[in-house]
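What shape does this take:
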Amino acid sequence: MRDPCRRDVRAKTAAALLLFSACALSRPVSSLSFSPPRHPRNGARRPSASDWKSITSARPRSRNAPRATDDDGRGLRMADVPADNFVGNSNVGVDASIANGTETAKINGHANGDSGGGSISRTQPPPTKQLSKFFPLVLWRFTRPHTLIGSALAIPSLFLLAAPTYASFFTRQTMGALLYAVVPALLMNLYITGLNQITDVEIDKINKPELPIANGDLKYSTAVVVVLLSAVASLAMSVAHPIFSTSGLQVALWGSFVLGTLYSLPPFRMKRHPLLAAFCIVAVRGTIINAGFYSHALSSAYFAADSGATVAGLGVIGCLLNDSKCALSSAFFAVFGIVIALMKDVPDAKGDRIFDIRSFT
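Have a look, this model is predicted:
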């Protein structure tokens, strides 16, 4: 027979345990104190679990999750990836650039080992256009061929415009005068464009890195020699020939030389001011080239004609004031020069802004 006293003690003990559990569960977890008592000697508080960063939210990597592999199927080593490219937040993509010769590897994955493990994609850098270093081809690029071709076409067109008849254009005298005008004109064109490149090397490294001086294909000293020789040869031809060295040719070459120098060369550097730069372009493209070579054609090729001799005797100003074809061509190309002045700086806006070159752009 069981002792009733012992049964009563057991009942009271069970009731006390239930009461204690109920009280403990009724209190919020945050109010439970896990901090140990301060040390009796220095009063320092020992670190507690609440002071540590919880890492329980980070799930372990699934054993079945795919590994990061490259295109060859090889596993990615952790040593290949800089440690500072990894972050502890979940579901954050990691882009790690790995230098691999000329290739770049990018890793796209999940920090917490979620499904859909990372993979590597290797991309080749964009190919750069290889330009020839053969000196004649480098020199051809240095001349800015589009401007050279424009000058080469403009002068025969002016000779044809000035011709009293089409038959008079196809004569030996006309071809000689035309050739004697084209050669110094192209040399002067090389001087103007070359001087602009010499004085704008740092700007061209930003705006036009394909130019020969900017990309290192042409030495600076070589460019200076080429530009100086072109200017000397062009100006010498303007005064050397007794028949073909006319006043119109001299105005065209010397006027282009002066304004081209003022446009690019310090301390003048008129290109820094948009209005002065536009004046240079309109004056050269509109009046100096058209009226000068038109007058040269009348004086050197068509002087036998009565009208040609009369107008040619008045010089460049006389051609502008008394010959409607000369005035019309000059006005047309003056408008064309305005368009050039407005549009030439559009692709150069970034470098001009850095080097404080003001423009209409």
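
pLDDT weak spots in the protein?
Of all residues in the chain, those with pLDDT under 70 make up the ranges 1-130, 304-314, 344-361.

Which elements pack onto the lengthiest helix in it?
Longest among the helix segments of the chain by residue count, using DSSP state H, is helix 172-199. Using 3 or more CB pairs under 8 Å, 6 or more residues apart in numbering; DSSP states H and E as the contact criterion, the secondary-structure elements in contact with helix 172-199 are helix 135-142, helix 145-162, helix 220-240, helix 247-264, helix 289-300. C-beta: built from backbone N, CA, C; applies to glycine.

Check which residues of the helix or strand just after it are buried.
Stepping forward along the backbone from helix 172-199, the first helix or strand reached (DSSP states H and E) is helix 201-207. When neighbours are counted by 16 or more other CB atoms under 10 Å, the buried residues of helix 201-207 are found to be 203, 204, 206, 207.

any chance of these in a markdown table, plus distance to residue 285?
As requested, the buried residues of helix 201-207 are arranged in a markdown table below (distance: CB to CB, whole Å):
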| residue | distance to residue 285 |
| --- | --- |
| 203 | 22 |
| 204 | 22 |
| 206 | 26 |
| 207 | 21 |
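
And the furthest pair within these?
With distances taken as CB to CB, the most widely separated pair in these is 204 and 206, at 7.3 Å.

The residue nearest to residue 286 when sequence neighbours are not counted sits in which helix or strand?
Nearest residue to residue 286, sequence neighbours excluded (CB to CB, 6 or more residues apart in numbering): residue 334, at 3.1 Å. Per DSSP H and E: residue 334 is located in helix 324-343.

Output that helix as CSV - backbone C-alpha positions only.
The C-alpha trace of helix 324-343 is given here as CSV (Å, rounded to 0.1, in the frame of the first residue of the first chain):
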residue,chain,number,x,y,z
SER,A,324,28.8,87.2,-110.9
LYS,A,325,30.1,83.6,-111.1
CYS,A,326,33.0,84.4,-108.7
ALA,A,327,30.7,86.3,-106.3
LEU,A,328,28.1,83.5,-106.4
SER,A,329,30.6,80.7,-105.7
SER,A,330,32.2,82.7,-102.8
ALA,A,331,28.8,83.4,-101.3
PHE,A,332,27.8,79.7,-101.6
PHE,A,333,30.9,78.4,-100.0
ALA,A,334,30.7,81.1,-97.3
VAL,A,335,27.4,79.5,-96.2
PHE,A,336,29.1,76.1,-96.4
GLY,A,337,31.9,77.5,-94.2
ILE,A,338,29.3,78.6,-91.6
VAL,A,339,27.9,75.1,-91.5
ILE,A,340,31.5,73.7,-91.0
ALA,A,341,32.1,76.3,-88.2
LEU,A,342,28.9,75.2,-86.4
MET,A,343,29.3,71.4,-86.8
